[in-house]
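In: give me a model of this one.
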Amino acid sequence: MKTTELRNDSGTVTGFSVRSTLLTRWGVPAIVRSILSARVVRKQQAFRLAGPDDFCEFVVDGKTFLVIEPFGDNSEFWVVAEPPEPQCFPLTKVRGAFENYHGLFGFFAG
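Out: The predicted structure follows:
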């Protein structure tokens, strides 16, 4: 999947956005679980069509991340470090997992 860097007003990288027609709120935790040392804290409940904008929370190497659906239409998700840090090394690991994800059984790429 293609990702795009997100920065705050001071220029600090806060996370990345990911666009994919094949990625859903329910698919995000599967990607997170593929990251060594990742722990899902909160995720979208099954059979709920809507929920909070920040629908998934997870921890990688002691750093908390949120996955946000900013526009409410499943066209884009933001994965952000919480709180943002100038040198967030786990962010590189998380972004790599999303970029290397190829969908169900590797047949699809978003």
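In: pLDDT weak spots in this structure?
Out: Counting by pLDDT under 70, the chain shows low-confidence ranges at 44-52, 103-110.
In: all helices for it, in order.
Out: 28-33, 89-99 (DSSP state H).
In: single out the most deeply packed of these.
Out: For the helices of the chain, the stretch with the most neighbours on average is helix 28-33, a mean of 19; neighbours defined as mean count of other Cβ atoms under 10 Å. All C-beta atoms are positioned from the backbone trio N, CA, C, and that covers glycine.
In: remind me what that one packs against, helices and strands.
Out: Secondary-structure packing of helix 28-33 (3 or more Cβ pairs under 8 Å, 6 or more residues apart in numbering; DSSP states H and E): strand 38-42, strand 54-60, helix 89-99.
In: circling back to that earlier point, distance to residue 65 for the helices of the chain - can I get that in a markdown table?
Out: Listed next are those as a markdown table, based on distance: least, Cβ to Cβ, whole Å:
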| stretch | distance to residue 65 |
| --- | --- |
| helix 28-33 | 8 |
| helix 89-99 | 6 |
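In: closest to residue 74 out of those?
Out: Closest to residue 74 of the helices of the chain is helix 28-33 (Cβ to Cβ; 11.0 Å).
In: distance to residue 83 for the helices and strands packed on helix 28-33 - can I get that in JSON lines?
Out: Rendered in JSON lines, the data for the helices and strands packed on helix 28-33 read as follows (distance: least, Cβ to Cβ, whole Å):
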{"stretch": "strand 38-42", "distance to residue 83": "15"}
{"stretch": "strand 54-60", "distance to residue 83": "13"}
{"stretch": "helix 89-99", "distance to residue 83": "12"}
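In: so for residue 10, which of these sits nearest?
Out: That would be, of the helices and strands packed on helix 28-33 and by Cβ to Cβ, helix 89-99, which comes in at 16.3 Å.
In: that closest one vs strand 38-42, what angle?
Out: Angle, helix 89-99 to strand 38-42, by axes from the mean of the first three to the mean of the last three Cα atoms, to 10 degrees: 80 degrees.
In: output helix 89-99 as PDB, nothing but the C-alphas.
Out: Written as PDB, here are the backbone C-alpha positions of helix 89-99 (Å, rounded to 0.1, in the frame of the first residue of the first chain):
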ATOM      1  CA  PHE A  89      11.700   5.000  15.600                       C
ATOM      2  CA  PRO A  90       8.700   2.600  16.000                       C
ATOM      3  CA  LEU A  91       6.800   4.700  13.400                       C
ATOM      4  CA  THR A  92       9.200   3.400  10.800                       C
ATOM      5  CA  LYS A  93       8.400  -0.200  11.700                       C
ATOM      6  CA  VAL A  94       4.600   0.500  11.700                       C
ATOM      7  CA  ARG A  95       4.800   2.300   8.300                       C
ATOM      8  CA  GLY A  96       6.800  -0.500   6.800                       C
ATOM      9  CA  ALA A  97       4.100  -3.000   7.800                       C
ATOM     10  CA  PHE A  98       1.400  -1.000   6.100                       C
ATOM     11  CA  GLU A  99       3.500  -0.500   3.000                       C
END
